[in-house]
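Student: have a look at this prediction, sequence included:
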Amino acid sequence: MIKLSKSRLAVLMLAAWLPLHASAGLLEDDEARKAILDLRAKIDAMARDLNARIDTKSDKSTALDMLNQHEQTMQEIARLRDQVETLANQLANVQKSQKDYYVDLDARIKKLEPQQATIDGRTAEVLPTEKQSYDTAMELFKSGDYKGATAALADFVKRFPQSAYAANAQYWLGNAYYAQRDYKNAIAAQEAVVNNYSTSPKAADAMLNIASNYTELGDDKAARKALTQLVKQYPDTSAAQTAKDRLAALKPVAAKTAKKK
């Protein structure tokens with residue numbers, strides 16, 4: 001049902017009698033319509049403007065919220081990056097420590113592991129500590145420190161009696177005594193080579209040195225006995241050939257001594 005305004009109802013009742021007034025009333029009604037339409041238009045415009053403002057405000061708030069969230073996110077990312085960097089540094093330090101540890105451990109293990117060495121033409125396994133001790137003692141001998149070499153070589157033989165270097169150490173110990181004119185200890189040291197390391201290439205040379213020490217002591221009989229034994233036990237060695245030459249030199253001396261008697 002259409003609701004009529006009072007002005008429009010009055011115009012309809014007087015339309016037949018007052019045409020001019022009717023025209024005026026219709027005109028007023030059109031104006032009213034126009035005014036209403038204008039008002040509605042204004043309201044719509046205001047609504048649109050208000051909605052636009054609300055939308056704009058909402059967008060700004062949303063943008064502000066997003067900006068705040070972005071800033072918080074960036075701060076969180078920065079914090080996480082710091083943690084990651086810290087953990088990375090810690091991991092790098094741990095890895096370096098582990099690497100250093102294993103390098104050190106490997107070095108220590110290598111110090112304990114036997115290594116191959118060629119001694120007098122023979123291949124043998126020796127501990128790094130053995131080689132280091134032997135080399136140190138021999139450096140003392142080569143430098144002319146015979147007293148220091150004597151102590152070092154004697155200590156080596158005591159510590160490493162089963163070492164592949166033991167026969168050599170015992171042999172050079174005898175030479176160190178000989179260099180100090182301690183002929184008795186030199187003989188004892190060389191006899192230890194013959195008795196304990198008879199299969200060593202140094203055994204024949206040790207017997208030759210025994211004879212030399214007896215000669216220095218003036219005991220030609222003992223010297224000749226040592227040389228004879230050397231030729232008998234190690235006939236194919238260069239030391240045996242040297243022993244034969246010395247024996248030949250000793251015979252005339254022995255003959256002269258017998259004639260004098």
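Tutor: Thanks, I have the structure now.
Student: sec struct for S200, please.
Tutor: Here S200 is recorded as coil under DSSP: H, G, I helix; E, B strand; the rest coil.
Student: that one: what's it in contact with?
Tutor: D120, A167, N168, Y171, V193 (Cβ atoms under 8 Å, 6 or more residues apart in numbering). C-beta coordinates here come from the backbone N, C-alpha and C atoms, glycine included.
Student: roughly how far does the fourth one sit from Q116?
Tutor: So the one you mean is Y171. Separation of Y171 from Q116 (Cβ to Cβ, to the nearest Å): 22 Å.
Student: these two: which has the busier surroundings?
Tutor: Y171 (24 against 9; other Cβ atoms under 10 Å).
Student: can you pull out the helices in the stretch 51-200 of the chain?
Tutor: Secondary structure of the stretch 51-200 of the chain (DSSP state H, counting those that start in this stretch): helices at 128-142, 146-159, 166-179, 183-196.
Student: which one of those lies closest to A240?
Tutor: For A240, the closest of the helices of the stretch 51-200 of the chain is helix 183-196, at 13.6 Å, according to Cβ to Cβ.
Student: ok, and what's touching that closest one?
Tutor: With contacts defined as Cβ under 8 Å, 6+ apart, helix 183-196 is touched by 161, 166-167, 170-171, 173-175, 177-178, 200, 202-203, 206-207, 209-210, 213-214, 216-217.
Student: list buried residues within the residues you listed.
Tutor: 166-167, 170-171, 173-175, 177-178, 200, 202-203, 206-207, 209-210, 213-214 (16 or more other Cβ atoms under 10 Å).
Student: what number of residues lie near R224?
Tutor: Residues lying near R224 (other Cβ under 10 Å) number 20.
Student: also L250?
Tutor: A count of nearby residues for L250, using other Cβ under 10 Å, gives 17.
Student: how close does it sit to Q241?
Tutor: Counting by Cβ to Cβ, the gap from L250 to Q241 is 15 Å.
Student: swap in A149?
Tutor: Distance from A149 to Q241, counting by Cβ to Cβ: 29 Å.
Student: what do you get for L80?
Tutor: For L80 relative to Q241 (Cβ to Cβ), the value is 86 Å.
Student: now the strands for this structure?
Tutor: Using DSSP state E, the strands assigned to the chain run over residues 115-119, 122-126.
Student: can you show me the CA trace of the last one as PDB?
Tutor: What follows is strand 122-126 as a C-alpha-only set of coordinates in PDB (Å, rounded to 0.1, in the frame of the first residue of the first chain):
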ATOM      1  CA  ARG A 122     117.200 -55.800   7.400                       C
ATOM      2  CA  THR A 123     113.700 -54.500   7.600                       C
ATOM      3  CA  ALA A 124     112.200 -54.400  11.100                       C
ATOM      4  CA  GLU A 125     109.400 -52.800  13.000                       C
ATOM      5  CA  VAL A 126     110.400 -50.300  15.700                       C
END
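Student: average pLDDT across it?
Tutor: Strand 122-126 shows a mean pLDDT of 87.
Student: which residues touch T228?
Tutor: By Cβ under 8 Å, 6+ apart, T228 lies in contact with A243, L247.
Student: show me the shaky parts of the stretch 1-150 of the chain.
Tutor: Scanning the stretch 1-150 of the chain for pLDDT under 70 picks out 1-64, 66-67, 70, 110-112.
Student: one more time with 90, if that's ok
Tutor: Scanning the stretch 1-150 of the chain for pLDDT under 90 picks out 1-129.
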